[in-house]
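missing the sequence, but the structure's below:
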């Protein structure tokens with residue numbers, strides 16, 4: 001936000017008698033209503049797109065995992081931190097997004113940071129949309145690769161960049177849905193350029209999973225381009241009502257990441273309760289496609305209202 005926007009936002013909160021610093025206030029949330037400083041307000045800041053954080057089956061799955069496995073693994077995946085629930089979720093996610101294999105991380109931020117830093121090196125070129133998520137930016141900073149940015153969703157600018165790069169390894173990374181602007185990456189055009197200029201492509205589906213595609217399978221599925229996208233990243237903290245993240249792709253690529261990604265190797269394993277919640281949320285999302293339909297109905301209603 002620029003300075004004028006911050007001042008305006010502060011005035012709005014003051015008029016409502018609320019603090020703009022919600023992170024240091026007592027906030028109680030019940031589905032779509034939040035209790036902020038004793039006042040009922042509509043929750044518009046949540047990423048629980050399908051409302052599954054309060055689903056009874058999701059909550060029970062988390063409780064059952066704690067009863068069976070305890071509150072945490074107290075170790076990394078390479079030590080004692082790989083349980084049956086971790087492997088089952090990786091298999092389910094790979095199948096869901098149409099890839100051979102999958103690796104899960106303790107946060108979505110780590111998923112991007114860990115995969116990108118493992119795959120790219122100083123002799124590679126990484127090409128980003130200017131509005132890519134911060135976790136993607138941080139991942140590129142650990143690679144020593146040559147990083148290029150093109151204007152947001154501007155295919156002419158992207159092609160101009162690709163033409164300027166010699167015949168060296170190239171990876172294009174885009175968000176499927178951009179969280180701040182809410183627009184969708186023009187994936188068909190990007191895939192066409194990737195084929196023309198011999199690039200690999202990674203799509204961050206943090207805000208697309210559970211939103212786009214049949215049963216919420218994401219941006220690549222939405223455009224019918226699953227086989228054309230090399231890596232699909234997703235998070236559990238939006239539609240999947242939990243915490244964590246994943247990257248899916250060909251088995252050889254995922255296995256390489258698994259054995260070279262420092263955020264994966266040197267972080268504690270994702271708590272079983274979080275894994276179980278995400279797994280059950282995925283089951284519910286597939287079983288109840290009406291939730292995605294309702295999400296789009298609400299989205300269209302809000303969009304039309306803002307236009308007026």
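That came in fine, so what should we check first? Note that the coordinates shown come from a computational prediction; the quantities given were computed from them, not determined experimentally.

And the next helix or strand past the host helix or strand of residue 103?
Assigned by DSSP states H and E, residue 103 falls within strand 101-105. Using DSSP H and E, the helix or strand that directly follows strand 101-105 along the chain is helix 108-119.

Does residue 229 touch residue 220 like I think?
Yes. Using Cβ atoms under 8 Å, residue 229 is in contact with residue 220, at 4.3 Å. Just so you know, the C-beta spots here come from the backbone N, C-alpha and C atoms, and that holds for glycine as well.

tell me the strands in this protein, going along the chain?
Secondary structure of the chain (DSSP state E): strands at 27-30, 33-36, 39-42, 101-105, 125-129, 146-150, 170-175, 200-204, 231-235, 245-249.

For residue 79, the count of nearby residues, please.
12 (other Cβ atoms under 10 Å).

Quick check: it vs residue 260, distance?
Going from residue 79 to residue 260 by Cβ to Cβ, to the nearest Å gives 17 Å.

Give me the common contacts of residue 229 and residue 220.
Among the neighbours of residue 229, those also in contact with residue 220 (Cβ atoms under 8 Å, 6 or more residues apart in numbering) are 187, 203.

Tell me which of the two has more neighbours.
Comparing residue 229 with residue 220 by neighbour count (other Cβ under 10 Å), the higher total belongs to residue 229, at 28 against 25.

Now do the same for that one: its pLDDT.
Residue 229 is assigned 98 on the pLDDT scale.

Please report the distance of it from residue 213.
For residue 229, the distance to residue 213 - Cβ to Cβ - is 12 Å.

list residues touching both of the two?
Residues within reach of residue 229 and of residue 213 at once, by Cβ under 8 Å, 6+ apart, are residue 220.

for this protein, longest helix please?
In the chain, with assignment by DSSP state H, the single longest helix is helix 290-307.

buried sites along it?
291-292, 295 (16 or more other Cβ atoms under 10 Å).

Reformat the residues you listed as JSON lines; add distance to residue 114 and pLDDT.
As requested, the buried residues of helix 290-307 are exported to JSON lines (distance: Cβ to Cβ, whole Å; pLDDT from 0 to 100):
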{"residue": "291", "distance to residue 114": "30", "pLDDT": "95"}
{"residue": "292", "distance to residue 114": "29", "pLDDT": "95"}
{"residue": "295", "distance to residue 114": "29", "pLDDT": "93"}
